[in-house]
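heads up, no residue letters with this:
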């Protein structure tokens with residue numbers, strides 16, 4: 001099936017007319033992985049947009065060391081059934097995988113299908129759901145939504161076993177429509193009641209989906225004005241056919257990767273791409289990341305970093321080796337505990353990441369990262385310390401470019417240069433102090 005190319009602000013940037021810059025490379029990396037090192041930015045700048053996007057969307061081979069650590073951490077989580085071990089396993093993948101975009105999209109879908117181990121109480125069930133998110137991270141939302149309705153962790157999370165023929169439980173059907181496929185206001189209470197009947201008997205046994213025929217309502221249901229002997233799969237297809245579904249996904253995708261408050265016209269345009277690609281979300285995202293909209297001035301530094309983006313991004317930029325348990329403690333303190341979202345709505349993010357308390361805690365994170373090895377040793381100050389001919393202005397330029405989405409205001413840059421010139425002691429310690437100042441700036445919270 002041929003798909004018509006996007007137009008308007010979703011049209012691809014003409015890089016023959018506009019020069020691909022280091023800032024463009026950094027912007028792409030920050031939105032598609034968790035931070036970027038100077039080396040990664042330089043490579044992406046050299047490669048250009050097309051080659052860099054191809055690398056992001058192509059499955060890269062993992063290193064032997066990564067595979068060994070991944071297997072060890074996952075086995076530890078399964079053997080102990082420990083939430084802490086499971087979280088360490090995924091943090092390792094988020095930071096070390098050679099395929100950062102699928103991992104970032106897996107986190108996106110984890111938030112979309114927010115499920116908590118606090119209720120599921122099974123590391124293996126949560127890992128299986130995580131595998132599904134990763135498998136379809138850049139694949140088909142159609143397959144992903146169908147898969148989630150038969151996912152063991154999801155069925156436990158939304159009380160699937162309580163949904164029985166004579167007493168249909170509306171919880172599962174309501175969350176599918178409200179949180180997973182359509183959003184509020186795009187279904188009626190009758191739609192919920194009838195869809196709940198379609199999901200009766202969709203139970204979980206020994207951690208796996210089990211169709212309990214004795215508890216399924218085989219009667220005629222009416223959902224979205226259509227009548228039939230619908231089961232859960234048919235209801236999912238009916239949801240996907242609604243006009244609200246691609247708009248719902250488009251809004252979430254734009255807010256996660258481009259702009260916090262996209263205009264209605266932009267949402268409609270991306271929704272049309274979702275429908276045109278029949279919910280192949282990787283194709284939609286690829287077009288979005290190549291678009292004039294994504295590379296516009298409006299989109300630069302427009303998003304507030306989530307706690308995981310903040311912590312892992314800083315460690316990657318400063319060439320750190322994270323202490324996974326310590327990093328998890330920090331991201332949890334800042335409001336993002338993976339495998340344990342706060343509600344069925346997940347983390348709402350955006351401006352809600354920042355409060356007076358969390359901003360102070362983010363500054364404390366910067367102090368800990370630059371002042372000790374508690375979160376993981378960082379190498380960048382030691383590397384810079386060997387460059388004896390580097391001036392304060394060059395040091396400031398290097399680290400503000402590495403750590404900030406936009407160049408600092410002239411007066412801010414001047415204050416940073418004055419600090420770099422006036423501070424005493426070992427070069428590495430002076431640079432650590434400078435890094436602390438930069439990372440304590442409000443601008444550091446943006447990407």
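Nice, thanks for sending it over. Computed from a prediction, not measured in an experiment: that's the story for all the values here.

Okay, strands next: where are they in the stretch 151-300 of the chain?
Ranges of strands within the stretch 151-300 of the chain are 202-205, 208-211, 221-223, 226-228, based on DSSP state E, counting those that start in this stretch.

Out of these, which gets nearest to residue 151?
Nearest of the strands of the stretch 151-300 of the chain to residue 151, taken as CB to CB: strand 208-211 at 7.2 Å. To be clear about C-beta, it is placed using only N, CA and C from the backbone, and glycine gets the same treatment.

Other residues contacting that closest one?
150-152, 155, 201-204 (CB atoms under 8 Å, 6 or more residues apart in numbering).

Let's see that with 10 Å instead.
If you take CB atoms under 10 Å, 6 or more residues apart in numbering as the criterion, strand 208-211 is touched by 125, 128, 147, 149-152, 154-155, 160-161, 201-205, 231-232.

In helices only, show me the residues you listed.
Here DSSP state H is the test, and the contacts of strand 208-211 give 125, 128, 147, 149, 152, 154-155, 232 as lying in helices.

Write the PyMOL selection for whichever of these are buried.
Buried members of the ones in helices among the contacts of strand 208-211, defined by 16 or more other CB atoms under 10 Å, are picked up in PyMOL with:
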select buried, resi 125+147+149+152+154+155+232
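
Tell me which of the strands of the stretch 151-300 of the chain is the most buried.
Of the strands of the stretch 151-300 of the chain, the one with the most neighbours on average (mean count of other CB atoms under 10 Å) is strand 221-223, at a mean of 20.

and it, what other elements does it pack with?
With contacts taken as 3 or more CB pairs under 10 Å, 6 or more residues apart in numbering; DSSP states H and E, strand 221-223 sits against helix 189-198, strand 226-228, helix 232-241.

The last one packs against which elements?
Spelled out, that is helix 232-241. Applying 3+ CB pairs under 10 Å, 6+ apart, we find helix 232-241 packed against helix 141-149, helix 171-175, helix 189-198, strand 221-223, strand 226-228, helix 244-257.

and the angle for the third one with helix 232-241?
Looking back up the chat, that one is helix 189-198. 150 degrees (axes from the mean of the first three to the mean of the last three CA atoms, to 10 degrees).

do the same with the longest one
In this structure, helix 244-257 runs at an angle of 70 degrees to helix 232-241, with the same axes, to 10 degrees as the basis.

How about helix 244-257, which residues are buried there?
244-251, 253-257.

which one among these gets closest to residue 332?
Closest approach between the buried residues of helix 244-257 and residue 332, by CB to CB: residue 256, at 20.6 Å.

among the helices and strands packed on strand 221-223, which is nearest residue 143?
helix 232-241 (10.4 Å).
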